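> sequence unknown, structure follows:
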């Protein structure tokens, strides 16, 4: 029995080393559909130092090349703007990724999303940071599907939380 388990562990390790990491695909599941008449445009900036969306045992997965355009499109589809508005909404991405501890037969993962919302107009600037996290443990290994599910869910949750924040709403209507 011990030999079979040892062989299984060795095969798992060889298989894991042989598989090339694939980029994580970000495609938030839903749009929020909020309308802010005072916002004339939305900008998205990726200000993270490590651009990887997943780090497994200290090693970064390949970068997602189109993260900025995907997030910009998603935000533009979620927030209706008005060309006659007076404010620019900037979303500065501060942290976005899954941090995974992969063991032989199990994994533990924590995903985090933090961004800063900035409203700018000729009357001044308002800024606030928002963060959300999600954790999961499971058998075998964490694959891209789990990472993608976490990150896409976090994006939707944090946008909803941010847009429904009374401080944000107050800043919009100032």
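Nice, thanks for sending it over. Because the structure is predicted, anything quoted here is derived from the model rather than measured.

> All the helices of the protein, in order from the start?
Ranges of helices within the chain are 2-18, 67-78, 144-163, 166-172, based on DSSP state H.

> Next, find the distance separating residue 107 from residue 143.
Distance of residue 107 to residue 143, given as C-beta to C-beta, to the nearest Å: 9 Å. Every residue, glycine included, has its C-beta placed from N, CA and C.

> Just want to know which of these two has more residues nearby.
residue 107 (19 against 12; other C-beta atoms under 10 Å).

> that older thread, going by mean pLDDT, which of the helices of the chain comes out lowest?
Lowest mean pLDDT of the helices of the chain: helix 2-18, a mean of 43.

> Which strand residues bridge residue 138?
The partner list for residue 138 in beta bridges (DSSP bridges) reads residue 107.

> tally of neighbours for it?
12.

> ok, residue 152 - contacts?
26, 27, 28, 29 (C-beta atoms under 8 Å, 6 or more residues apart in numbering).

> And these, which is closest to residue 159?
residue 28 (7.7 Å; C-beta to C-beta).

> If anything else comes up later, I'll come back, but that's it for now.
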